[in-house]
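>>> Compute the structure for the input listed below.
(2 chains)
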Amino acid sequence: MSVRVRYAPSPTGSPHVGNVRTAIYNWLFAKKEGGHFLVRLEDTDRSPERYVPEGIFDIENSLRFLGAIPDAWWITGGPDAPYVQSQRLPTYQEAAERLISEGKAYRCYCSKERLDTMRAEQQARGVPSGYDRHCRNTERAEALRQKRLAEEGKEPTSVVRLAMPLDGVTILHDVVRGDISYENKLQDDQVLLKSDGFPTYFLAAAVDDHASGITHIIRGDDWLSSAPKLVQVFVALGWEPPKFVHPPLIVGPDGKKLSKRHGATQFSWFMEQGYLPEALFNFLVLLGWSAGSENRELFSVPELVERFNLEGMTQHPAVFDYDKLKWMNGQYIRKSEPGRIIGMCLPYLRKAGLIPEAPAPDAKDEVKETYRKEVLDYARRVIPLEIERMKVLSEVTELVGFFFKDLSFPEGYDPKAVTKWMGMAHIKPLLTFEIEQFGALTEWTPETIEQVVRAAAEKLDVKFAEVIHPTRVAATGQTVGPGLFETLWALGKERTLKRLTSVLEKV
RNA sequence: GGGGAUAUCGUCUAGAGGUUAGGACGAGGGAUUUUCAGUCCUUAAACCGGGGUUCGAUUCCCCGUAUCCCUACCA
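Okay, the predicted model is just below:
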C-alpha cells in the first residue's frame, strides 16, 4: 500500500519550528516513498485564546517557503476534503453516536466544578488523577442529568467520553521506539465530543486519519504518552490504527520543550530574519534525524529526499542551536547565486530606509530607468562585497549601511575609528595626495585605486597599513569592511572624493 | 503522585561486542595580512552510575539515577 501521511497543525498562532520540522519529516517521507502528503487543519479548539485564524496563513506560508507543498489540503481540495475539521462536525458527531450505541462511549453530565473538585482531591491525596468514571454508570449519569435539569431548568450540557477497557494493555507499535505497552486501566475515559459539539483531537484525528487512509502518523514525541488513547479510539471504531512515528522533541538549552523563553520559536521569525529556505530545511531535518555514517551536514533538499528514512530518526531530544543554524545559513548564502541573494536583500534595505521604494508599476519609464541605474545598479555592485560576511540576510543593512548613508566628517564616523586612525601626522598629506591622484584617474577600477594607495605609502614613506586603515576610515567611517580597493571602487569616484574631502577639511 | 520515553565531547550527532570512539557547530591556536568576515590547517573536549552476560563491554540485559513528555470539555 502506498504511503499516506499528514501534517495536522492547529491554528493557535504562527507555527512553532518543531511543528514545521514535523511537516518536513512528513513531506520527506512521502516524497521518498512516492506517497501522499496531506495537510489538514485541526481547528476544533474554539476557545478565543487558542483559536487564531491568522495563524492559518503562517502555516501556508511556512510550507510554501520551504517548498514542502502538500498533495492535498484546504487550498487544493481533493478527495478527502474538507481538510478543515471545523467543517466536519456532523461526521464526528455521527461517530460519537455510533460509539454510544455500541456501548463504547457514554454521555457524561459531570459539571466542571465536580471535575475540578475531584481532581483537587486526587492531588491532595496523592493518588493518580483522572476521571472517576462517575457517568459510565448509566443510572448515575441519568440521576446527575435529572439533578442538573432541576437546578438549571434546562437540559444540562454533556460530553461524550470513551469507555476505556478496564483491563488489558494497549501496545503501541512505534517505528522509532519499538513496541510500547500501556496498561488500559491507567488510561482516562477521554472526552471525545465536547459540550460545544466540537470533537476533541482524539475523535477528530481518528476519524480523519481513517477517512484519508493515513498509513503513518509522524508527530512529535509529546504525543507519545497519549497515543494509547488514540489507539483505543481507533479500536472502538473498529479500525486498524496507522503506524506511529514519534521523532524526539526540540528543546532549549535547559532541556525543556523549545519555547519563547529560549528565544524565537516561530517559524515566521526565521523567515523574516533572512534565513534561506534550504538552510532551515537542512537544519531542522538534522535535529532528530541523521544520515548515518555519512560525515557531513550540508544536504540539499533533493539529497535529503534521497536519503531520508525512518531508521535514521534519533530518539533523544535535540537542543536547538541558534549558532549552528547561523553558520549553516551562512554556508547556503555563499553557495547561492549572488543575484538571488541581492534580490532577497533589497527588501531589508528598503525597510531600513537605505534605498527608496521601487517606483510604482505605472510610473514613467524614465523614473524606472533612473531607479534602476541609481539605486539597483549600486546595490548590485555593493551587496556582493558583503555576501561572505553575511550569516542572515537581515544583517545586510548593517553591513552595507556605510555605502548608502550620507557621510560627512565627523557625522556618521565611528569615533573610535577616528581617534585611532585620524590623528596621525601623515593624514593630511595622505588625503591630499589621494584626492589629487584619485581625481586624476580616468579609469576607476580596484587596480588603479590600489596603485594610488601604494604610491601614497611610498611617497609618504609610511607603512602600507598606515595608509590603508586611515583611508578606509576616511572613506567608510569605520574600520571593518571588505577589501579597501574594491570598497572604494564600489563606492565610486565621486562619493570617495567627497568623503575624503570632508575629512581633509575638518581633520 | 501516576504513566511513558530518553541517556556518547558544552551543542548536533556517527559508531561497533575488541576502534587512536569519527564528523560538524561553538571554543583555543596558527596561516592568508588590508581590518572584519570568509577560507585553510590545527588543539582541547564525550561513552550517567552499579550490577550482570561475555575472554572482552561505551555497545546486549537488569537496577538505580537524571532529564523530558503526558496526566484538560488544548492540540
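
>>> For the spatially most central residue of chain A, give me the pLDDT.
Nearest to the centroid of the C-alpha atoms of chain A, with distances taken as CA atoms, centre = their mean, sits A:Phe267, at 1.9 Å. Among the per-residue scores, A:Phe267 holds a pLDDT of 97.

>>> all strands of chain A, in order?
Remark: strands of chain A, listed N- to C-terminal, are A:4-7, A:36-39, A:105-108, A:159-162, A:169-174, A:178-183, A:191-193, A:216-218, A:243-245, A:250-251, A:318-319; assignment by DSSP state E.

>>> residues near the residue lying closest to A:Arg114 once chain neighbours are set aside, how many?
Leaving out its chain neighbours, the residue that sits closest to A:Arg114 by CB to CB, 6 or more residues apart in numbering is A:His134, at 7.8 Å. (Glycine included, C-beta is placed from N, CA and C.) Applying other CB atoms under 10 Å, we find 17 residues neighbouring A:His134.

>>> go on, A:Asp221?
Residues near A:Asp221, counting by other CB under 10 Å, number 20.

>>> pretty sure it is touching A:Leu249, no?
Yes - the pair A:Asp221 / A:Leu249 is scored as a contact, 4.9 Å apart, by CB atoms under 8 Å.

>>> Contact partners for A:Pro11?
By CB atoms under 8 Å, 6 or more residues apart in numbering, the residues touching A:Pro11 are A:41, A:43, A:51-56, A:59.

>>> Any of the residues you listed buried? List them.
Taking 16 or more other CB atoms under 10 Å as the criterion, what is buried in the contacts of A:Pro11 is A:41, A:43, A:51, A:55-56, A:59.

>>> Closest one to A:Gln146 out of the residues you listed, please.
Distances from the buried ones among the contacts of A:Pro11 to A:Gln146 were compared by CB to CB; the smallest belongs to A:Tyr51, at 33.9 Å.

>>> In space, what's closest to the closest one - neighbours in sequence excluded?
Computed as CB to CB, 6+ apart, the closest residue to A:Tyr51 that is not its neighbour in sequence is A:Asp45, at 6.0 Å.

>>> tell me the contacts of the one you found?
Taking CB under 8 Å, 6+ apart as the test, what A:Asp45 contacts is A:10, A:12, A:51, A:198.

>>> Could I get the phi/psi values of it?
Main-chain torsions, A:Asp45, degrees, to the nearest 10: phi -90, psi 110.

>>> rewinding a little: let's have the strands of chain A in TSV, adding mean neighbour count.
Output for those, formatted as TSV (neighbours: other CB atoms under 10 Å):
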stretch	mean neighbour count
strand A:4-7	26
strand A:36-39	23
strand A:105-108	22
strand A:159-162	23
strand A:169-174	16
strand A:178-183	12
strand A:191-193	25
strand A:216-218	24
strand A:243-245	19
strand A:250-251	22
strand A:318-319	16
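
>>> between the contacts of A:Pro11, which is nearest RNA strand B?
Nearest to RNA strand B, judged by CB to the nearest atom of the strand, of the contacts of A:Pro11 is A:Asp43 at 7.8 Å.

>>> give the contact list for that closest one.
A:10-11, A:51, A:84-86 are the contacts of A:Asp43 under CB under 8 Å, 6+ apart.

>>> repeat that for 10 Å
Shown in contact with A:Asp43 (CB atoms under 10 Å, 6 or more residues apart in numbering): A:9-12, A:50-53, A:55-56, A:84-87, A:198, A:204.

>>> Next: A:Glu278.
When contacts are counted by CB under 10 Å, 6+ apart, A:Glu278 is found next to A:66-67, A:298-301, A:304, A:328-329, A:331-332, A:335-336.

>>> State the pLDDT value of A:Met1.
Confidence score, pLDDT, at A:Met1: 69.

>>> can you tell me if the biggest helix by length in chain A touches RNA strand B.
Selection of the longest helix in chain A by residue count, based on DSSP state H, yields helix A:17-33. No - in terms of CB under 7 Å from any atom of the strand, no part of helix A:17-33 sits within range of RNA strand B; the closest distance is 8.6 Å.

>>> List the residues that contact the residue nearest to A:Val251 when sequence neighbours are not counted.
Closest residue to A:Val251 in three dimensions, ignoring its sequence neighbours and counting by CB to CB, 6+ apart: A:Pro317, at 4.5 Å. Under the criterion of CB under 10 Å, 6+ apart, the contact list for A:Pro317 reads A:221, A:247-252, A:255-258, A:287-288.

>>> Return a PyMOL selection command for the buried portion of these.
Of the contacts of A:Pro317, the buried ones can be selected in PyMOL as follows, counting by 16+ other CB under 10 Å:
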select buried, chain A and resi 221+247+248+249+250+251+252+257+258+287+288
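
>>> Keep only the contacts of A:Pro317 that also lie close to RNA strand B.
Of the entries in the contacts of A:Pro317, those that also sit close to RNA strand B under the rule CB under 7 Å from any atom of the strand are A:221, A:248-249, A:251, A:255-257, A:287-288.

>>> circling back to that earlier point, okay, and the common contacts of A:Asp221 and A:Leu249?
The overlap between the contact sets of A:Asp221 and A:Leu249 (CB under 10 Å, 6+ apart) consists of A:18, A:257, A:288, A:316-317.

>>> Helices - which of these land there?
A:Gly18.

>>> which of the shared contacts of A:Asp221 and A:Leu249 sit farthest apart?
Using CB to CB for every pair in those, the one that comes out farthest apart is A:Gly18 and A:His316, at 14.8 Å.

>>> So between the two, which is more surrounded?
Between A:Gly18 and A:His316, counting by other CB under 10 Å, A:Gly18 is the more crowded of the two (26 against 9).

>>> hmm, back to that, now the residue nearest to A:Val251: how far from A:His210?
Spatial separation of A:Pro317 from A:His210 under the definition CB to CB, to the nearest Å is 31 Å.
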